[in-house]
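Participant: here you go, sequence then predicted model.
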Amino acid sequence: AQKVTQAQTEISVVEKEDVTLDCVYETRDTTYYLFWYKQPPSGELVFLIRRNSFDEQNEISGRYSWNFQKSTSSFNFTITASQVVDSAVYFCALSEESGSRLTFGEGTQLTVNP
Amino acid sequence: GAVVSQHPSRVICKSGTSVKIECRSLDFQATTMFWYRQFPKQSLMLMATSNEGSKATYEQGVEKDKFLINHASLTLSTLTVTSAHPEDSSFYICSARVRGFSNQPQHFGDGTRLSIL
């Protein structure tokens, strides 16, 4: 069975601080995909990144960066110089195929205060 | 990019009413669509996988007769909450997989907020 754990239920930071959201996963599959989604108060899911299990390279996209560590089954997400608009719930998710059913973590509510 | 439209975005109705939610892929064909449910301050839980032209596959604990899913075309899947009760109040969100591109991420609709009085 697949499982995704986001131990941080809520994080509150002050604008311009860096913040890291943790994600730990469990799966028996050798091939799998990891995702991060952002869910603002309006409810829609915004796709941020997909990473397959064979690609352990870290990725940076603007203020966002992701650290995939297969050895510790973690896929952490860092926001650099956080902004108020980053306030949202962030979900880490796992699937056996990129387009198949997703197993979501419990989500981390990030609040960035001015 | 691929767009998934979900309608309605919000529904408020009386207990006992049946509510239909539509999920449409606007610019692509989707042989597979997924229906998720999210209670307040909780995660998204997969309810069922909808396959065009065949019966939906429901997750354990999800009542088939309560949540009717129809995927009659390659661009439309519907979820009907039958005889809805207050405990069915939730955020329902669908996603679709592009036909022939199983390696691509799912595309999500904007969700439907269902409130049963």
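Facilitator: The structure has been received and is ready for your questions. Note that the structure is predicted; figures quoted are calculated from it, not measured.
Participant: low-confidence ranges in chain A?
Facilitator: A:98-99 (pLDDT under 70).
Participant: and the strands in it?
Facilitator: Using DSSP state E, the strands of chain A run over A:3-5, A:10-14, A:19-21, A:24-26, A:33-39, A:46-52, A:59-61, A:64-69, A:74-79, A:88-95, A:103-104, A:108-113.
Participant: got it, and chain B?
Facilitator: Per DSSP E, chain B carries strands over the ranges B:4-7, B:10-13, B:19-25, B:32-38, B:44-51, B:57-58, B:67-73, B:76-81, B:90-97, B:107-108, B:112-116.
Participant: contacting residues around the last one?
Facilitator: Just to be clear, that refers to strand B:112-116. A:43, B:6-15, B:17, B:19, B:21, B:81, B:84-93 (C-beta atoms under 8 Å, 6 or more residues apart in numbering or on different chains). C-betas here are computed from N, CA, C, even on glycine.
Participant: contact residues of chain B facing chain A?
Facilitator: B:32, B:34, B:36, B:41-46, B:49, B:91, B:93, B:95, B:97-98, B:101-106, B:108-111, B:113 (C-beta under 8 Å from any C-beta of the partner chain).
Participant: can you tell me the closest non-neighbouring residue to residue A:14?
Facilitator: Of all residues not flanking residue A:14 in the chain, residue A:113 sits nearest, at 5.3 Å (C-beta to C-beta, 6 or more residues apart in numbering or on different chains).
Participant: tell me if I'm right that that neighbour and residue A:15 touch.
Facilitator: Yes. Look at residue A:113 against residue A:15 with C-beta atoms under 8 Å: they come within range, at 6.6 Å.
Participant: what touches both of those two?
Facilitator: When C-beta under 8 Å, 6+ apart defines a contact, the residues bordering residue A:113 and residue A:15 alike are residue A:84.
Participant: tell me where chain B is predicted with low confidence.
Facilitator: Across chain B, the ranges flagged by pLDDT under 70 are B:1, B:102-103.
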